[in-house]
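Novice: Just the structure for this:
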Amino acid sequence: MKTFLKNPMRHLIFISFCLAIGLVACSHEKETKQPNIVIIFLDDSGWADFEPFGEVAIETPHVTQLAADGCAFHNFYVPQAICSASRSALMTGCFPGRTKVFGAHGPNAWGLDTTFATMGEVFKAAGYATAAFGKWHCGDQPETRSYSRGFDETCGLMYSNDMWKHHPENPDHWGQWPLRFWENGEVTIEEVDQADQKNLTRWYTEHAVDFINRHQDSPFLLYVPHSMPHVPLFCSDEFEGKSGRGLYWDVMLEIDWSVGKINKALKESGIDQNTIVILTSDNGPWVSYGNHAGITPFREAKGTSFDGGVRSACIMKYPGQIEAGVTSSKTLGSVDLLPTLCYLADIPLPKNEIDGENVWDLVRGVEGAENPHSYYAFSNGRNFEGVMSGDGRWKLHLPHAYRTLKKAGMDGLAGKYVQAKIDTALFDMETDPYETTNVLQEYPEIATALIEIAETHMSRFYSKQ
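Specialist: Residues are numbered from 1 along each chain as shown. Coordinates of the predicted model:
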């Protein structure tokens, strides 16, 4: 020790080295606490549209790579299989019964009330840079559009891309309102036409990449809610005819390209190791449109509370935190993303009450981790239709009518539905994920418990509708 102290230069170097190590450690700790977040939210994509979830019509190499770098969640649920309700649930961590956002809102709708904080508002208040590029569909009034709900940068449509004068069934109705393209609170295209629709996926992606490139040095929340593959289907000229399997798969190829461009931007910016990437869909496929719709192996589809409607494929990547190249059968809900991401970013939850829970232990696959929910609720429009046990084993349908496909349409034209009914039904989702066999009589105690939960939920959220 005395010898060391005799050499002041060596002493100075040693102290500098220690300080450098300390600064690096502090910097790394800060990065770990404040991850970047990218949420890619598709519109009407089928559960089995991508390779990690089944044998599909085309290869989607970028989505496949995302799954190889992360975890594919096979039992991920949205609380309602319709656009506005599903998106508002994601943004707020609340069931539709709480927010009263049901169905798909049209032009000029108030949408999600400002008393419910959005993910954008929560993360912006915590110092995150925030952006939303794509289809908002959570409100079309000055106070409820994306640029007023916590997102620093925005572009895209305020409602679905079929709500325009070219709608094949209701052109006069939808023609009352122009389909506008917005950017940062200003209308930049007064009336979107077919040529503009072909560029939507590309425009959203280019904005997302530019945002990533400009925010490498501070935490950000990037929300990319694509308009596609909601009908009417469009893709850029580069992808038209490229799949060889029809327009729907051309569209999905371009979405796969978009995922690749976003991931490439994260890697080239040197921030991919500290970024959470989530890819999922607002609900299942709109099967009425036949060859312009995606694929689900489950019962029914969009617009129902069966799993074909409310179960969405989901991939999450977080290097070093989520094991890579695995699948998970754990049950999760879109309402859980907000509280889980708040936990990972170490920021406060919204002041208003929410329904989602922190499910981080389930996401990262902690052995023995249990879902903190006693149930997940499912609705369709204003109708509350059932619950699932928090562990995903049991699903209860209350008596309700639902639409079922009679004949699929072709090439952008809708097919025909017929109305069907289901009485009180209990399904064992572990042995019967396709909801084919009612086991209500075999498991009366489970049915009774779930009926009580459903009645409590109904009285709490639906009694004053």
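Novice: what ranges do the strands span in the stretch 1-150 of the chain?
Specialist: Remark: strands assigned in the stretch 1-150 of the chain by DSSP state E, counting those that start in this stretch are 36-42, 71-77, 129-133.
Novice: Following the chain onward from the last one, which element is next?
Specialist: Meaning strand 129-133. Where DSSP states H and E defines the elements, the next helix or strand beyond strand 129-133 is strand 153-156.
Novice: what about the helices in the stretch 351-465 of the chain?
Specialist: Taking DSSP state H, counting those that start in this stretch as the test, the helices found in the stretch 351-465 of the chain are 360-363, 444-461.
Novice: circling back to that earlier point, out of the strands of the stretch 1-150 of the chain, which gets nearest to His226?
Specialist: Relative to His226, the nearest member of those by C-beta to C-beta is strand 36-42, separated by 5.3 Å. Every C-beta, even on glycine, is put in place using the N, C-alpha and C of the backbone.
Novice: Endpoints of stretch 227-236, how far apart?
Specialist: 13 Å (C-alpha to C-alpha, to the nearest Å).
Novice: Neighbours of His173, how many?
Specialist: 12 (other C-beta atoms under 10 Å).
Novice: which of the residues in the helix or strand where it lies are buried?
Specialist: Using DSSP H and E, His173 sits in helix 171-174. The neighbour-count check on helix 171-174 (16 or more other C-beta atoms under 10 Å) flags Trp174 as buried.
Novice: what about that helix, average pLDDT?
Specialist: Mean pLDDT, computed over helix 171-174, is 94.
Novice: quick one: Leu396 from Arg311, how far?
Specialist: To Arg311, Leu396 is 16 Å away according to C-beta to C-beta, to the nearest Å.
Novice: Compare those two and say which is more crowded by neighbours.
Specialist: Comparing Leu396 with Arg311 by other C-beta under 10 Å, the one with more neighbours is Arg311, at 26 against 23.
Novice: Tell me who's in contact with that one.
Specialist: 47, 75-77, 284, 296, 298 (C-beta atoms under 8 Å, 6 or more residues apart in numbering).
Novice: between the residues you listed, which has the most around it?
Specialist: Of all the contacts of Arg311, the most densely surrounded is Gly284 (32 neighbours; neighbours counted as other C-beta under 10 Å).
Novice: just to revisit the earlier point, next helix or strand past the helix holding His173?
Specialist: Next along from helix 171-174, by DSSP H and E: strand 181-183.
Novice: Distance of Ile315 relative to Asn170?
Specialist: The spacing between Ile315 and Asn170, counted by C-beta to C-beta, is 35 Å.
Novice: oh, I was asking about Pro219
Specialist: Pro219 is 43 Å from Asn170, by C-beta to C-beta.
Novice: The two: which is more packed in?
Specialist: Shown here are Pro219 and Asn170; by other C-beta under 10 Å, Pro219 has more neighbours (23 against 11).
Novice: Gln34 is in contact with that one, correct?
Specialist: Yes. Contact criterion C-beta atoms under 8 Å: Pro219 and Gln34 qualify, at 4.3 Å.
Novice: circling back to that earlier point, possible to save the contacts of Arg311 as TSV with distance to Arg145 and pLDDT?
Specialist: Converted to TSV, the contacts of Arg311 look like this (distance: C-beta to C-beta, whole Å; pLDDT from 0 to 100):
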residue	distance to Arg145	pLDDT
Trp47	30	97
Asn75	33	98
Phe76	28	98
Tyr77	27	99
Gly284	27	98
Thr296	31	97
Phe298	34	98
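Novice: closest to Lys264 among these?
Specialist: Closest to Lys264 out of the contacts of Arg311 is Phe76 (25.1 Å), distances taken as C-beta to C-beta.
Novice: Which residues are in contact with each of Pro219 and Gln34?
Specialist: By C-beta under 8 Å, 6+ apart, the residues touching both Pro219 and Gln34 are Ala345.
Novice: Low-confidence stretches in the protein?
Specialist: 1-33, 464-465 (pLDDT under 70).
Novice: mind giving me the domain ranges of it?
Specialist: 33-369, 377-461 (automatic domain parsing).
Novice: any idea which of these is most buried?
Specialist: Highest mean neighbour count of the domains of the chain: domain 33-369, a mean of 21 (counted as mean count of other C-beta atoms under 10 Å).
Novice: so what's the closest residue to Glu143 other than its chain neighbours up against?
Specialist: Distances taken as C-beta to C-beta, 6 or more residues apart in numbering put Thr114 closest to Glu143, at 5.8 Å, once the chain neighbours are dropped. Residues counted as contacts of Thr114 (C-beta under 8 Å, 6+ apart) are 143-144, 149.
Novice: which residues of the stretch 151-300 of the chain fall in helices?
Specialist: Remark: helices assigned in the stretch 151-300 of the chain by DSSP H, counting those that start in this stretch are 171-174, 194-197, 200-214, 247-268.
Novice: Of those, give the one that comes closest to Gly70.
Specialist: helix 247-268 (10.6 Å).
Novice: What angle do strand 36-42 and the closest one make with each other?
Specialist: If you take axes from the mean of the first three to the mean of the last three C-alpha atoms, to 10 degrees, helix 247-268 sits at 180 degrees to strand 36-42.
Novice: Now do the same contact list for Ser88.
Specialist: So Ser88 contacts 94, 96, 99, 101, 111-112, 116, 138 (C-beta under 8 Å, 6+ apart).
Novice: Out of those residues, which comes closest to Asp272?
Specialist: Nearest to Asp272 among the contacts of Ser88, with distances taken as C-beta to C-beta, is Cys138, at 28.6 Å.
Novice: what about the residue nearest to that closest one when sequence neighbours are not counted, distance to Cys94?
Specialist: In this structure, Cys138 finds its nearest non-sequential neighbour in Leu112, 4.4 Å apart by C-beta to C-beta, 6+ apart. Between Leu112 and Cys94 the computed distance is 9 Å (C-beta to C-beta).
Novice: gap between the two ends of stretch 373-391?
Specialist: By C-alpha to C-alpha, the extent of stretch 373-391 from end to end equals 8 Å.
Novice: How about the contacts made by the residue nearest to Asn36 when sequence neighbours are not counted?
Specialist: Excluding its sequence neighbours, the residue lying closest to Asn36 (C-beta to C-beta, 6+ apart) is Thr275, at 4.1 Å. Applying C-beta under 8 Å, 6+ apart, we find Thr275 in contact with 35-38, 266, 318.
Novice: So which of these is the closest to Asp391?
Specialist: Closest to Asp391, out of all of the contacts of Thr275 and judged by C-beta to C-beta, is Tyr318, at 23.3 Å.
Novice: All good on my end, thank you.
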